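Colleague: One predicted model, sequence on top.
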Amino acid sequence: MEVIGLPQRWVAKANWKATQENFSADPYHVQTTHRSTVEMGISPEDPLYAGYGHQVVMQNGHGLNVITSKTGRSRAPYQGMPESMWPMFQRNLKPEQDDILSRTTVFVGGVYPNLSFVSPIHGTEGHLHNYLNFRVWRPLAPDKVEVWCWFMIDKAAPEEYKKAAYKGYLGSFGVSGTLEQDDTETWARIVEVSGGLMMRDKQLNYNNVSNYLMGFSHVEPDPTFAGPGTAYPTTYIDALSRSIHERWLELLTKDLIIEGASK
Amino acid sequence: MSSETKTRILPEIQIEIADFLYREAYLLDHRMYKEWLDLLSEDIVYRMPMRETVEGVGVDNVASDSAFFDESKAALTTRVNRYYTKSAWVENPATRQRHFISNIRVESGSGPDEYKVVSYFLYKRSRGSHPEIEEMLGERHDTIKRVNGDWKIASRIIIPDQTVITTMNMSMFL
């Protein structure tokens, strides 16, 4: 991978856990937050379109989503990377890795606590290009995050492809990207409602709308998934979100229990 | 003195170009984005490079390899069309915004009806019920030309003064 240019930096009204969750664990928001792309005919009408594939939960709050499509294949093989590069992918990967790469549309995931990545296909000029976007969420306050947002691309890609992919990136993610613009609205609303009395009175369990129970207890892991981690056969599931918050709680409460304190 | 004659611009032209830029700002502030697109030439170059903090005297601090915008007319049209959907949440409810355009300087360009125009911008917006006002500032380097009697923006390079953007997103055009 090659990093191109400087990171975009901006200050968003957000809590770092919400942005981490947004970009690591939550393909479910796509159909509502990014509804405008459906209205414009860029994304499919099928409300499950971002849910096909696997959500992979790793240890310590890390994980990713491997999003395919209804058919289990990508609309664009190898995420629309030039066909001249396909033999290189096949040469460098194990057959089961190559199979996943060839039929995945979007990879999106995170490394706990505050690094997220997304590898989509996008473009605002009618052509779709793939790229990899890394972002670090730098917490400035409970309701403020400075976002550092990098563009990366396969070193072996032709120069023209790299330039077109950079434009596709500016059109989709980063502070001026059309998808990110709508994400920032959700982050801000979460911060705003979190200050409300109704929200303060709730606990993070069954009496809360943010209960992280989607898929809980009835979606079983897919034992046939070739990669590491625990893979669930849908990305519309809160398994990774739960794992992120469990890790956070574990670290936060680590030194709170003092042996013999109750005696 | 050819350079002197080159930079002598008729006052009428200066007034016309300033008026054109104020009209453009009015269209943007009033969310008349489709009408705004008509002010751009079909082959417009619309770029906003990033600014970086560089140590040293007289060093260039405008990044050549990184941008916030790098748009063709087709790409700008996609962005504009999105604001006419029902679910572009960043602009629904609508932003209340002002483009303050000043310090307009006009120089002759490479053709008879073409001018190089530098202007300063101060952009401010108010959104929702939030007391905070968001802002951005910088300058624009335009190529403006007359095509079949109408002024068109053929090129715009937007240079921000901020390295870390303080608007929570950039849904505006500058």
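Modeller: Perfect, thanks for sending it. From a predicted model like this one, the values you see are computed outputs, not experimental measurements.

Colleague: And chain B, is the one helix or strand A:E21 maps to touching that?
Modeller: Taking DSSP states H and E as the criterion, A:E21 maps to helix A:16-25. No: taking Cβ under 8 Å from any Cβ of the partner chain as the criterion, helix A:16-25 and chain B are apart, separated by no less than 11.7 Å. Bear in mind the C-beta positions are built from the backbone N, C-alpha and C, glycine included.

Colleague: for that helix, packing partners?
Modeller: Packing partners of helix A:16-25 (3 or more Cβ pairs under 8 Å, 6 or more residues apart in numbering or on different chains; DSSP states H and E): strand A:63-67, strand A:106-111, strand A:115-119, strand A:132-141, strand A:144-153, helix A:178-194, helix A:239-252.

Colleague: Save those as CSV, and put in mean neighbour count, distance to A:V30 and mean pLDDT too.
Modeller: Below are the helices and strands packed on helix A:16-25 laid out as CSV (neighbours: other Cβ atoms under 10 Å in any protein chain shown; distance: least, Cβ to Cβ, whole Å; pLDDT from 0 to 100):
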stretch, mean neighbour count, distance to A:V30, mean pLDDT
strand A:63-67, 24, 9, 97
strand A:106-111, 22, 9, 97
strand A:115-119, 20, 11, 98
strand A:132-141, 18, 15, 98
strand A:144-153, 21, 19, 98
helix A:178-194, 20, 9, 93
helix A:239-252, 18, 15, 95
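
Colleague: what about the helices in chain B?
Modeller: Using DSSP state H, the helices of chain B run over residues B:2-7, B:11-29, B:33-37, B:73-82.

Colleague: closest one to chain A among those?
Modeller: helix B:73-82 (4.1 Å; Cβ to the nearest Cβ).

Colleague: Identify whichever of the helices and strands packed on helix A:16-25 lies nearest to B:S41.
Modeller: helix A:178-194 (22.9 Å; Cβ to Cβ).

Colleague: Distance from that closest one to the middle of the chain?
Modeller: Remark: helix A:178-194 is offset 15 Å from the chain centroid, using Cα atoms, centre = their mean, to the nearest Å.

Colleague: tell me the angle that helix makes with helix B:73-82.
Modeller: Here helix A:178-194 points in a direction 30 degrees away from that of helix B:73-82 (axes from the mean of the first three to the mean of the last three Cα atoms, to 10 degrees).

Colleague: Can you say which of the helices and strands packed on helix A:16-25 is nearest to chain B?
Modeller: Taking Cβ to the nearest Cβ, helix A:178-194 is the member of the helices and strands packed on helix A:16-25 nearest to chain B, at 3.9 Å.

Colleague: Let me know whether that closest one sits next to chain B.
Modeller: Yes: using Cβ under 8 Å from any Cβ, we find that helix A:178-194 touches chain B at A:T178, A:E180, A:Q181, A:D182, A:T184, A:E185, A:T186, A:A188.

Colleague: swap in stretch A:40-55?
Modeller: Yes: Stretch A:40-55 comes into contact with chain B (Cβ under 8 Å from any Cβ), by way of A:M40.

Colleague: that older thread, what inclination does the helix holding A:E21 have with respect to strand A:132-141?
Modeller: Using the same axes, to 10 degrees: helix A:16-25 against strand A:132-141 is 160 degrees.

Colleague: when you scan the next helix or strand after helix A:16-25, is anything in it near chain B?
Modeller: Sequence-wise, the next helix or strand downstream of helix A:16-25 (DSSP H and E) is helix A:30-33. Yes: between helix A:30-33 and chain B, judged by Cβ under 8 Å from any Cβ, the touching residues are A:T33.

Colleague: got the CA coordinates for helix A:30-33 in CSV?
Modeller: In CSV, the C-alpha atoms belonging to helix A:30-33 read as follows (Å, rounded to 0.1, in the frame of the first residue of the first chain):
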residue,chain,number,x,y,z
VAL,A,30,-25.8,2.4,5.6
GLN,A,31,-29.4,2.0,4.4
THR,A,32,-30.7,4.9,6.4
THR,A,33,-27.8,7.3,6.8
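
Colleague: which residues sit against it?
Modeller: A:V38, A:S43, A:P47, A:Y49, A:A50, A:D182, A:D183, A:E185, A:T186, B:W89 (Cβ atoms under 8 Å, 6 or more residues apart in numbering or on different chains).
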